[in-house]
Each structure stands twice: as structure tokens, then as C-alpha cells.
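*Asks:* Mind looking at a prediction? Sequence and model below.
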Number of protein chains: 4
Amino acid sequence: MNKETHPSGRPRSEQARAAVLNAADDLLVEIGYAAMTMKGIAEKARVSRQTIYRWWSHKAEILFEASAADAEEELSIQLSGDPLADLTAYLEALIHFLANSPAGAAYRALLGEAQQDSAVAELLSAKDPIGDTAQVILKHLFEKNQVPIPLDQATALFIGPCFFWILSGRDPAGLVPQELAKNFLSYLQT
Amino acid sequence: MNKETHPSGRPRSEQARAAVLNAADDLLVEIGYAAMTMKGIAEKARVSRQTIYRWWSHKAEILFEASAADAEEELSIQLSGDPLADLTAYLEALIHFLANSPAGAAYRALLGEAQQDSAVAELLSAKDPIGDTAQVILKHLFEKNQVPIPLDQATALFIGPCFFWILSGRDPAGLVPQELAKNFLSYLQT
Amino acid sequence: MNKETHPSGRPRSEQARAAVLNAADDLLVEIGYAAMTMKGIAEKARVSRQTIYRWWSHKAEILFEASAADAEEELSIQLSGDPLADLTAYLEALIHFLANSPAGAAYRALLGEAQQDSAVAELLSAKDPIGDTAQVILKHLFEKNQVPIPLDQATALFIGPCFFWILSGRDPAGLVPQELAKNFLSYLQT
Amino acid sequence: MNKETHPSGRPRSEQARAAVLNAADDLLVEIGYAAMTMKGIAEKARVSRQTIYRWWSHKAEILFEASAADAEEELSIQLSGDPLADLTAYLEALIHFLANSPAGAAYRALLGEAQQDSAVAELLSAKDPIGDTAQVILKHLFEKNQVPIPLDQATALFIGPCFFWILSGRDPAGLVPQELAKNFLSYLQT
DNA sequence: GTGTAATCGAGACGGTACGTCCTGTCTTCGG
DNA sequence: CCGAAGACAGGACGTACCGTCTCGATTACAC
């Protein structure tokens, strides 16, 4: 038996699920997170409101599911092995993600919501697209050298400045990824 | 003289203004930003809804006005002249502000809203309590030494890690202000 | 069969409909038409405001639906066949209706509103409780004798004096139904 | 001393009074009675809201004062001495007044309000433009002949049918003043 | 002239209803 | 059991008008 045994009754409609996630994605770009409503998503997806509430509890949850894969992909870079190049590449991807990508807009919206709503906060800490991908880069980097600080603190030092810069509304053009990467590397060698 | 001559009509009630700001402050602590409503603020302040809309356009604007002074004060530290001590003290204040203070909760809420609402974004960039106070510390620090990078980028490097750490929902106990300050100083000397 | 097949979705709640009409009826008696509000009706009926707006557009429409049946009944008299007796009985019913009955108060309110609001005017002309019932009496009367004037003009001659007397605020005790009926009959014989 | 001795202080502005009455008149024609507001009148008249409330208590009161003179004039006909001609002329004036004149629209609005608001009812019964003018005609008519019924009841018989016809929303073109007058005269001779 | 007093405009105040919107739940029918 | 449709109670939205209030400015009469 390879298939999950179906309990009984009509199975969940994959079509409805996809329609909801697509609608959420589209609405985020079209009208923004704040203006998104459960009702709006349902109508855009041509899906009953009840169906949405059956499978998701917040619009945050929908958006998270809708954008997680995109976020993961946008922040996954090809590792070259050259530390400076890899760090720079990651920061470039991160800046683009946070400042220009729809998935990044979703992330910023969710992070904003997470400041107030602990359910959203848990969602993000369970699977943090930025923290997770950054750790992959750093873990690879640290395998060669012995490093004096914990991985998550290194992550904060690495991406914190970019994060602050963009979330506080500053112009992303003012950031120079290579400088930031160089600075981070020099710190590690201290 | 120096007093603004009253233009015409009944003057604005200072009592109403204060009542609204206090009500907003109280509600933030009691029920949180997301659950705050204009109606709720009006009722708590024993003020007409129209009176609120006459002077503020968003709950964000009210909260901003209500918490700006507190934020400013909490982030203003006594400068000792010792760079490491001053930076450490500021970071301690910042961490407490972001993680534990009501004014900090207001700030995080506003920052979250700013990701979606450009009106709130402007509000914050016009008078950013964190950026502004951090710059004061750094400006003072830089007067002695020539520094190779612009002030605002130095600010990002200085506070970015803390900022990321807390906003991404990590435990503030994991931060060691003195280490962060030391690291920042060592970077400056490169 | 003869039952309307239910189109789709949850069917309209008969309970809510009745609660609204009752609430409107009660409020008319308790506080009067002018003081009635959509909000007040909703609260009294323990019904959502939206539910009211879904089915009625004005308070006039609610009141009309609530009082139409009562009005019809109060103005329907048993025909005896004796012209003078029938006309007198109708005028007595009409005077009581206009001057003392809640349904009559509703009618007077609607007629007042109709002077300003064409939507209400249409409502009343589509189903005018007074005009309609009076015509029934007169039509029956006219079957025997040939009558030289149109039915609606005869109606105006018949009930116009009572109508004017009461709506202009005069004391209904000053009206003598039998005299009015006698006068009307003598006119018909001219 | 023929002038009321002025008590003290600034005297009432005749200009403001006229501006308010004109504004009320204009607004009645432009937007109708229901849409008229005290605020709207004040703004149209370029007058302070307080000034209005100082001298009038309802919009009904304003409108009454604004239209009373017009109503009086429109319903005052030149008496020829010929009963049929005079009655017909009056009914023609009445029909035009109720159906087409702005002053008549004001009257219908006030009468509608009077059904609900006793303050307005008193206003109208104190100085009823229709009842009063009709009585003038009838009183003159009755001076010659002995008449068996009270004046006010004769008034109701005379104008009631027109009154009902128009207020119930029927087309005034369906009324034939001369027929009504003839009918009324024949009744008097019974 | 110099009060004194009631007027005027302007416009803010606490209230309250408006009609709309969205929430999350429910009740139908049909697949 | 799922899903579409849509009605339900509830409650916030931002607006409008209510009638009252507090201003400064104006305009009369009385001293």
C-alpha cells in the first residue's frame, strides 16, 4: 500500500488548494498584504469561503504556504567555494528578495504580522526562509575554518545590516554586498 | 509675541488630545496593536470618533505620536566617553526597547505596518527613533577618529544584528551586547 | 411542483424576517416613525444590520411590509348590501384607522415620506391600502346603478374629506361618518 | 414709542435672517426637504450654525417661515362674486399649489412631518395656509345663503378630494376643478 | 470715550446613525 | 465527506449631521 489510506468521503480538491494559493500570490502583488482579505482570496480563487477556513486559519498561513517555495528558491545560490564570492552572492540574492521580490514582500508582511500575532511568529520561526538559507551558506563556510561563535549569531551579524537597512525603509541601492561580505569575513578572522 | 495667534473658532482641546494618546498607549499594552481599533481608542478616551479622525488619519499615526517621546527617552543614554562602554550601553538599551518596552512594541508594530503602508513608512523614516538615536552615539564616536564609511551604513552594521535577532523572533537572552559592541569597534579599526 | 426550488446556498431565515417586521411594528408604537432607525430595528430584532439591508432598502419599506396586512384587514368591512350602512361603516373604519390605529400611524408616516421620496411614493401607489379598499366598496355599490364618474374620482370624493380632516390635524371627533356617507350618496344621485 | 425698545447688545442681523430663509427655500427646490440639513442651510446661507439654532429650533420652522408668505399669496384669489367661478378658481390655485409650487412642496413636507412631530403639527394648525384661505372663500360664499354645516366641515368637503388626490400621488391632470366646484355647490343646496 | 451685552463667524466637541465591508459560522444542495 | 453558494450575527470602518461649546470680532446702547 503506497497511498495514504483515504479515510472516507470526498477527498480534498487539489485544484481548490492550488487556486487559493495562486489567488493569494496574485492578490499580494495586485493590492498588497494589508488589503488582502479571506473573502477576496475566496472570490479570486472561485472557491467557497468555507473551503478556505477548513484548511487554513489565517491569511498569513495561506501566504506563507504560497510563498515559502519561492522564497527558498530565490535565496538558494550556487556555491562556488570562494567564500567572498559566495557571501556576496547570497547578500545580493537577499537584497533582491527583500526589496524587489513578491516572495520577499510576503516575507516582510508576515514578519510584520509576527510582531503582533504569536501564531504567525511560530509559523516563521518553524521555517524561516532567511535564517535557514543563510545558515546553509555559513555552515558550508565554517566547515573549513574553526569558528568562535555560534551559527545563529554569525547569521545575525552577516545579514542583520541588510535586514535592518531594507526593513527600515532605506534605499537598497545604498548597500554594497561585497563590502558587507568582506567586512563579515574580516570579522571571522579576528 | 511668540505665541501663535489663534486663527478662528474653538481651539483644539488639549485634554482630548492627551486622552487619545493615553488610550492608545494603554490599549497597546492591554490588547496589542492588531486588536486596537479607532473605535476602541475613541471609547477608551471618552472622545468622539470624529475628533480622532480630525487630527489623525491612522491608528499608526496615533501610536507614533503616543510612543515617540518614550522611544526617544528609552534610547537616549548617558555618554561616558568610553567607546566600548557607550556602544554597549546603547545596545543594552536597544535590546530592552525592542524586546520588553511598550514603546518598543509600538515601534515593532509600526515597522510591520510600514512594510505594507507607505504612509506609515514615511512616518517612520521622517523620525526613526532607532536610526536617529544610534546616529547620535556614532556621530559622537566618529568625531575623534576618521571613519571610512558613511554614518548610516555604520548604523546598519552596528544595530542590524540586534534588530534582526529580535524581529525574527529569537530570544533576546542570546545576545551579548558587549561582544557586539567589541566586534563593531574592531571593524571600525580595520 | 408548485414549490419554488431552492436556488443555492443557505435559505432566507423566516425567523429573521418576522423578527424585523415585529420590531418595526413595536418601535413605531413605542418611539414613533421619526425616531425609528435601521440600527434600532436591527438591535430590537436581534438581527444583523446587514441582514436588514439585504432584504429592505428603507425603513419605509420595512414598515410598509409590516403594516400592509393590518391595514388591509382594518379597512375591510362586512358588506351588508345597504349602501348607506356600508359607506358609513367604511368611513368609521377609515377614521379609526387614520386616527387611532398603529397601522394607520404607519400609513400616515409613509404618506408623509412619500411626499419627499419617490421610492416611497411608488411603494404606496403600487398598493395603496386606502384607495384599494375604498374602491372595493364603491365598485360593489356601482354594480347596481349606472354611475357617471370614474371610480377613482368617486373614491376621492368619498374619502377625501376624512382624509384631509385627519391629516391636517383636526379632531376626528368632529367627523360624522353617516352625514358624509349620506352626502356622498346624494351626490351620486344627481 | 413705536419701536420695540432694544434691550441691549448687538441687534439681530436682518441680513442673516433673510439669508437663512432664502437658503432654505433654494435648498428645498434643489435637493428636497428630506436631504435638507441645518448644516447645509447654514453653509448655503454663509451663516454660523449657532445663529440658526438661536432663532429657529427645527428645519421645519425655518421652512414654515420661509414659505408661509408665498403659500398665502398663491392661494389668495380675486373674488368675482360668482360662486362657481370663485370656487373653481380657488381649486385651480390649490391644485397648482399642491402639485407644482415650491411653497406647496414645503407645505406637503411640513404636513408629512406633522404626522410624526407634534411641534410641527402645532405650527401648521396655528396657521394653516390651506384651511385659512379656503375658509375665506367659503365664508364669503356663506354670507348670502344660510348654510346648514359648520365652516370647517364645509372646508373639508370642498378641498378634501383634491387634497387626497394629490397627496396620494395621483396625477393632478385627472382633476377637473369646475366639476368639483359644481358638485360642492349642489351639495350646499341640498 | 468706555464699558456692557448680545450678536456674529468659525470651528472643535461628544454623540449617534448611516450604509458598507469583512469576519467566522451556519445551512442548504449537489457531487 | 467535500465543495459552492449564500444567509447569518457581529462589529469596525470612515462619513455626516446633530446640538452644544468656546473662541475672537463686531455692533449696538448706556453711562
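*Replies:* Sure, I can see it.
*Asks:* Is there a neighbour count for the residue in chain A that chain B sits nearest to? I'd like the number.
*Replies:* Residue of chain A nearest chain B, by Cβ to the nearest Cβ: A:Gly112 (2.6 Å). Using the backbone N, CA and C atoms, a C-beta is placed for each residue, glycine as well. Applying other Cβ atoms under 10 Å in any protein chain shown, we find 26 residues neighbouring A:Gly112.
*Asks:* show me what contacts the nearest residue to A:Ile166 once chain neighbours are set aside?
*Replies:* In this structure, A:Ile166 finds its nearest non-sequential neighbour in A:Leu98, 4.5 Å apart by Cβ to Cβ, 6 or more residues apart in numbering or on different chains. Applying Cβ atoms under 8 Å, 6 or more residues apart in numbering or on different chains, we find A:Leu98 in contact with A:Gly104, A:Tyr107, A:Arg108, A:Cys162, A:Phe163, A:Ile166, A:Leu167, A:Pro172.
*Asks:* quick one: A:Leu141 and DNA strand E, what's the gap?
*Replies:* 43 Å (Cβ to the nearest atom of the strand, to the nearest Å).
*Asks:* Can you name the next helix or strand after the host helix or strand of that residue?
*Replies:* Following DSSP states H and E, one finds A:Leu141 within helix A:129-144. Where DSSP H and E defines the elements, the next helix or strand beyond helix A:129-144 is helix A:151-167.
*Asks:* Which one of the residues in chain A is closest to DNA strand F?
*Replies:* Using Cβ to the nearest atom of the strand, the single residue of chain A nearest to DNA strand F is A:Gly9, 2.0 Å away.
*Asks:* Assign that residue to helix, strand or coil.
*Replies:* With DSSP: H, G, I helix; E, B strand; the rest coil as the basis, A:Gly9 sits in coil.
*Asks:* Could you pull up phi and psi at it?
*Replies:* phi 70, psi -170 (degrees, to the nearest 10).
*Asks:* ok, now which ones touch the spatially closest residue to the residue of chain A closest to chain B that is not a sequence neighbour?
*Replies:* Distances taken as Cβ to Cβ, 6+ apart place B:Gly112 nearest to A:Gly112, at 2.6 Å, with adjacent residues excluded. Contacts for B:Gly112 (Cβ under 8 Å, 6+ apart) come out as A:Leu111, A:Gly112, A:Glu113, A:Ala114, A:Gln115, A:Gln116.
*Asks:* What ranges in chain A fall below the confidence cut-off?
*Replies:* A:1-7, A:190 (pLDDT under 70).
*Asks:* What parts of it come near DNA strand E?
*Replies:* Residues of chain A lying close to DNA strand E by Cβ under 7 Å from any atom of the strand are A:Gly9, A:Arg10, A:Thr37, A:Met38, A:Lys39, A:Gly40, A:Arg49, A:Gln50, A:Tyr53, A:His58, A:Lys59.
*Asks:* mind listing what the second one touches?
*Replies:* It refers to A:Arg10. Contacts of A:Arg10 (Cβ under 8 Å, 6+ apart): none.
*Asks:* Grab the nearest non-local neighbour of A:Ala99.
*Replies:* A:Pro172 (4.1 Å).
*Asks:* one step back: figure out the helix or strand that the residue nearest to A:Ile166 lives in.
*Replies:* Going by DSSP H and E, A:Leu98 is in helix A:83-100.
*Asks:* buried stuff in that helix?
*Replies:* Residues A:83, A:86-95, A:97-99 are the ones in helix A:83-100 that count as buried (16 or more other Cβ atoms under 10 Å in any protein chain shown).
*Asks:* Helix, strand or coil: sort out A:Gln116 for me.
*Replies:* Note that with three-state DSSP, the state of A:Gln116 is coil.
*Asks:* for the residue lying closest to it once chain neighbours are set aside, what are its contacts?
*Replies:* Nearest non-adjacent residue to A:Gln116, counting by Cβ to Cβ, 6+ apart: B:Ala34, 4.3 Å away. Neighbouring residues of B:Ala34 by Cβ under 8 Å, 6+ apart: A:Glu113, A:Gln116, A:Asp117, B:Ala109.
*Asks:* Is B:Ala34 part of a helix or strand, or is it coil?
*Replies:* Going by three-state DSSP: B:Ala34 is coil.
*Asks:* From C:Ala66, how far out is it?
*Replies:* Distance, B:Ala34 to C:Ala66, by Cβ to Cβ, to the nearest Å: 41 Å.
*Asks:* quick one: the most centrally placed residue in chain A from A:Tyr107, how far?
*Replies:* Note on chain A: the residue nearest the mean C-alpha position is A:Pro129, at 3.9 Å, using Cα atoms, centre = their mean. Taking Cβ to Cβ as the measure, A:Pro129 and A:Tyr107 are separated by 6 Å.
*Asks:* shared neighbours of the two, which are they?
*Replies:* Common neighbours of A:Pro129 and A:Tyr107, counting by Cβ under 8 Å, 6+ apart, are A:Ala71.
*Asks:* picking that back up, closest to B:Val176 among the residues of chain A next to DNA strand E?
*Replies:* When the residues of chain A next to DNA strand E are ranked by distance to B:Val176 (Cβ to Cβ), A:His58 comes first, at 34.7 Å.
*Asks:* Just confirm that closest one contacts A:Ala119, I think it does.
*Replies:* Yes - with contact defined as Cβ atoms under 8 Å, A:His58 counts as touching A:Ala119 (6.7 Å).
*Asks:* Give me the more crowded residue out of the two.
*Replies:* Shown here are A:His58 and A:Ala119; by other Cβ under 10 Å, A:His58 has more neighbours (15 against 12).
*Asks:* and that one, what does it touch?
*Replies:* A:His58 neighbours (Cβ under 8 Å, 6+ apart): A:Asp117, A:Ala119, A:Val120.
*Asks:* try it again with 10 Å
*Replies:* By Cβ atoms under 10 Å, 6 or more residues apart in numbering or on different chains, the contact set of A:His58 is A:Met38, A:Phe64, A:Leu110, A:Glu113, A:Asp117, A:Ala119, A:Val120, A:Leu123.
*Asks:* With A:Asn100 instead?
*Replies:* So A:Asn100 contacts A:Glu74, A:Ile166, A:Pro172 (Cβ under 10 Å, 6+ apart).
*Asks:* quick one, phi/psi of the first one?
*Replies:* With angles defined as degrees, to the nearest 10, A:Glu74 shows backbone torsions of phi -70, psi -30.
*Asks:* surely it meets A:Ile95?
*Replies:* No - between A:Glu74 and A:Ile95 there is no contact under Cβ atoms under 10 Å: 11.1 Å.
*Asks:* Mind listing the shared neighbours of the two?
*Replies:* In contact with both A:Glu74 and A:Ile95: A:Ser101, A:Gly104, using Cβ under 10 Å, 6+ apart.
*Asks:* related to what we said a few turns ago, can you show me the CA trace of the helix or strand harbouring the residue nearest to A:Gly112 as PDB?
*Replies:* B:Gly112 belongs to helix B:102-114 when assigned by DSSP H and E. Extracted C-alpha coordinates of helix B:102-114, given in PDB (Å, rounded to 0.1, in the frame of the first residue of the first chain):
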ATOM      1  CA  PRO B 102       5.800  49.100  25.400                       C
ATOM      2  CA  ALA B 103       7.300  51.800  23.300                       C
ATOM      3  CA  GLY B 104       9.300  49.200  21.500                       C
ATOM      4  CA  ALA B 105       6.200  47.100  20.900                       C
ATOM      5  CA  ALA B 106       4.700  50.100  19.300                       C
ATOM      6  CA  TYR B 107       7.800  50.600  17.200                       C
ATOM      7  CA  ARG B 108       7.700  47.000  16.000                       C
ATOM      8  CA  ALA B 109       4.100  47.300  15.200                       C
ATOM      9  CA  LEU B 110       4.600  50.400  13.200                       C
ATOM     10  CA  LEU B 111       7.600  48.900  11.400                       C
ATOM     11  CA  GLY B 112       5.500  46.000  10.500                       C
ATOM     12  CA  GLU B 113       2.700  48.200   9.200                       C
ATOM     13  CA  ALA B 114       5.300  50.300   7.300                       C
END
